[in-house]
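Visitor: Sharing a model prediction with you, sequence too.
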Amino acid sequence: MMEFNDSQTRTNLMRAFAKESQARNRYTFAAEEAKKQKLQVIEYIFQFTANQEKEHAVIFYNHLKQLAGEHITIDDKYPVDIYTDVLRLLRSAEQREYEETDTAYKSYGDMANGEGFAPIADSFYKIAEIEKTHGDRFKLFADLLEQNKLFISDVDVKWMCLNCGYVFSGKEAPASCPVCSHDQGFFIRLELAPFTK
């Protein structure tokens, strides 16, 4: 096994920590933009994902505990995804998540395995799978928004108000919730809602 302080894995962990930290902030900023545009369901998707990115950052950072007090220099590329177009924010997030899955974390895991750090490799591989889920989620909501189907369906479906939990059946989410008066932006297809049972 290679000495951890001499490894590429040490650098990759700091890169991953930086990627996750920046993703969390980008998604928090994107959530604010979605909220401004009364797309609270998209705001919640970005916030939900931002919280998961924070947890990934914690995992990567904790693998560096033995280097507490040291500095690690990294060189990498980071995106500037500053848009007022919510669809573009979703598409950018989708792309970034797939890049982490396919390009970054799988190769970081392979490097960690090659250097003899199997538990770290396992974290990279498992988080790569989660990032794919994030990419798929952003793609789903981007597709719905792009097709003008975020609040409209071709068939009757159930819609849940994310504020109060009211469930409505129909082809279109109500313009405002009849229970709490929150606008249509709070509605999500029940099948996509968290904690439906």
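Guide: Structure's in. What do you need?

Visitor: Could you break this protein into its assigned domains?
Guide: Residue ranges for the domains of the chain, per automatic domain parsing: 4-146, 152-192.

Visitor: Compile those into CSV and extend it with columns for mean pLDDT.
Guide: CSV is the format used below for those (pLDDT from 0 to 100):
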stretch, mean pLDDT
domain 4-146, 96
domain 152-192, 96
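
Visitor: Pick the most deeply packed of those domains.
Guide: domain 4-146 (a mean of 18; mean count of other CB atoms under 10 Å). The C-beta positions use only the backbone N, C-alpha and C, and glycine is treated the same way.

Visitor: List the contacts of the strand ranked longest in the chain.
Guide: Looking across the chain with DSSP state E, the single longest strand is strand 152-161. With CB atoms under 8 Å, 6 or more residues apart in numbering as the test, strand 152-161 has contacts from 151, 166-174, 177, 179-180, 182, 186-191, 193, 196.

Visitor: if we look at stretch 27-40, which residues are touching it?
Guide: 42-44, 46-47, 49-50, 53, 81-84, 86, 89-90, 93, 145, 150, 162-163, 182-186.

Visitor: typed the wrong thing, it's stretch 124-131
Guide: Contact partners of stretch 124-131, identified using CB under 8 Å, 6+ apart, comprise 12, 16, 52, 56, 59-60, 97-98, 100-101, 104-106, 108-109, 112.

Visitor: Same question for stretch 179-187.
Guide: So stretch 179-187 is contacted by 37-42, 151, 159-164, 166, 168, 173-177 (CB under 8 Å, 6+ apart).

Visitor: The most centrally placed residue in the chain and Glu99: what is the separation?
Guide: Geometric centre of the chain, nearest residue: Thr49, 3.5 Å, by CA atoms, centre = their mean. Computed with CB to CB, to the nearest Å, the distance linking Thr49 and Glu99 is 15 Å.

Visitor: quick revisit: can you tell me the strand partners of the longest strand of the chain and which way each runs?
Guide: Next to strand 152-161 in the sheet, as set by DSSP bridges, lie strand 167-172 (antiparallel), strand 187-189 (antiparallel).

Visitor: So which of the ones you listed is nearest Ala121?
Guide: Nearest to Ala121 among the strands paired with strand 152-161 is strand 187-189; the distance by CB to CB comes to 36.1 Å.

Visitor: any idea how far the closest one is from the chain center?
Guide: In terms of CA atoms, centre = their mean, to the nearest Å, the centre of strand 187-189 is found 19 Å from the chain centre.

Visitor: ok so, going back, thinking the residue nearest to the centre of the chain is in contact with His134, fair?
Guide: Yes - judged on CB atoms under 8 Å, Thr49 makes contact with His134 at a distance of 5.4 Å.

Visitor: Mind listing the shared neighbours of these two?
Guide: Taking CB under 8 Å, 6+ apart as the criterion, Thr49 and His134 both touch Ala93.
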